[in-house]
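> A predicted structure for the sequence below; I have some questions about it.
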Amino acid sequence: MFNLSGRVAVVTGGSSGLGVQFAHALGRQGADVVVIARRVEMLKDVAASITEKYGVRTGYYYCDVTDSRQVAEVAEKIVADFGKIDIAVNCAGGGNCGNTEDLPDEKWHKTMDVNINGVFYCCREFGKAMIKNGYGRMINISSMLGSVGMDFAFGMGIPEYAASKGAVCNLTRQLGAEWARYNITCNAIAPGFFASEVSPVGNEKFDNFLKSKCPMKRHGHPGELDSAVVFLAADESSYVTGQIIGVDGGWTCI
């Protein structure tokens, strides 16, 4: 069950954080894995580690997902080098914190460029390859904040991040409806708080806030997203599309 041998998986934002975890999870199940991001040296190390551990074929490519031309070019390169794209995990993202009344235009646009424009460009270009082959598993990485707001006890606002992740959720639903006819599923994973380069996890004040808000009273641990991405990438999830899978310690159930 959940054997991904023979599949080609692409992970954006694959140089660090959750992107690395997703790439390893897919490689562990037998998929050939392509990681793309802007930090090529880090990508190189990630790809080498996956090949060494799991014996699968890997590749890595520079790409700024906010540049639609670059996304189109890298999709063509992947198909040329690997023959197809079966699975795409659109993980590249970022955000700023700040109160709405003080948020400058440039921060709003920067977050939207990465978190929704970048996801759209990747869905469009990777989706073309999937449509051509009549098969695909598109997996977008949203956030629990795509479904709920953040209590101001958090200490600051986070409007552009929440808005962008909400957009990812509904883009996912729309593509699930559009692409079902092509044997392509499109789903999203909506994580709670996990450690990353930009996450507040590890900050004592934030961790105390998290304990007061999250039913499990903790942040997510490495590996706790693996089962969700593997399930959505596998043939066994063929009747699941347009869904937002929360992995948040129960945050959004209350």
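Right, received. Where do you want to start?
> what secondary structure does Ala9 sit in?
For Ala9, the secondary-structure state derived from DSSP: H, G, I helix; E, B strand; the rest coil is strand.
> Looking at the residue positioned nearest the centre of the chain now. What's its pLDDT?
Residue closest to the average C-alpha location in the chain (C-alpha atoms, centre = their mean): Cys91, at 2.6 Å. Among the per-residue scores, Cys91 shows a pLDDT of 97.
> quick one: the helices in the chain?
17-28, 40-54, 68-82, 105-112, 118-133, 159-179, 204-213, 226-233 (DSSP state H).
> Against which helices or strands is the first one packed?
Spelled out, that is helix 17-28. Here helix 17-28 is seen to pack against strand 8-12, strand 32-37, helix 40-54, strand 87-90, helix 226-233 when contacts are counted using 3 or more C-beta pairs under 8 Å, 6 or more residues apart in numbering; DSSP states H and E. Yep, even glycine has a C-beta here, placed from its N, CA and C like the rest.
> quick check, distance from the longest one to the centre of its chain.
For helix 40-54, the gap between its own C-alpha mean and the chain's C-alpha mean amounts to 18 Å (C-alpha atoms, centre = their mean, to the nearest Å).
> quick one, it and helix 17-28 angle?
30 degrees (axes from the mean of the first three to the mean of the last three C-alpha atoms, to 10 degrees).
> mind listing what's buried in helix 40-54?
For helix 40-54, the neighbour count (16 or more other C-beta atoms under 10 Å) marks 42-43, 46-47, 50-51, 54 as buried.
> follow-up on the earlier one: let me have the helices of the chain in JSON lines, extended by mean pLDDT and distance to Asn140.
Supplementary listing: the helices of the chain in JSON lines, determined by pLDDT from 0 to 100; distance: least, C-beta to C-beta, whole Å:
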{"stretch": "helix 17-28", "mean pLDDT": "97", "distance to Asn140": "12"}
{"stretch": "helix 40-54", "mean pLDDT": "98", "distance to Asn140": "20"}
{"stretch": "helix 68-82", "mean pLDDT": "98", "distance to Asn140": "14"}
{"stretch": "helix 105-112", "mean pLDDT": "95", "distance to Asn140": "15"}
{"stretch": "helix 118-133", "mean pLDDT": "98", "distance to Asn140": "6"}
{"stretch": "helix 159-179", "mean pLDDT": "97", "distance to Asn140": "5"}
{"stretch": "helix 204-213", "mean pLDDT": "86", "distance to Asn140": "24"}
{"stretch": "helix 226-233", "mean pLDDT": "98", "distance to Asn140": "10"}
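> Appreciated, that's everything.
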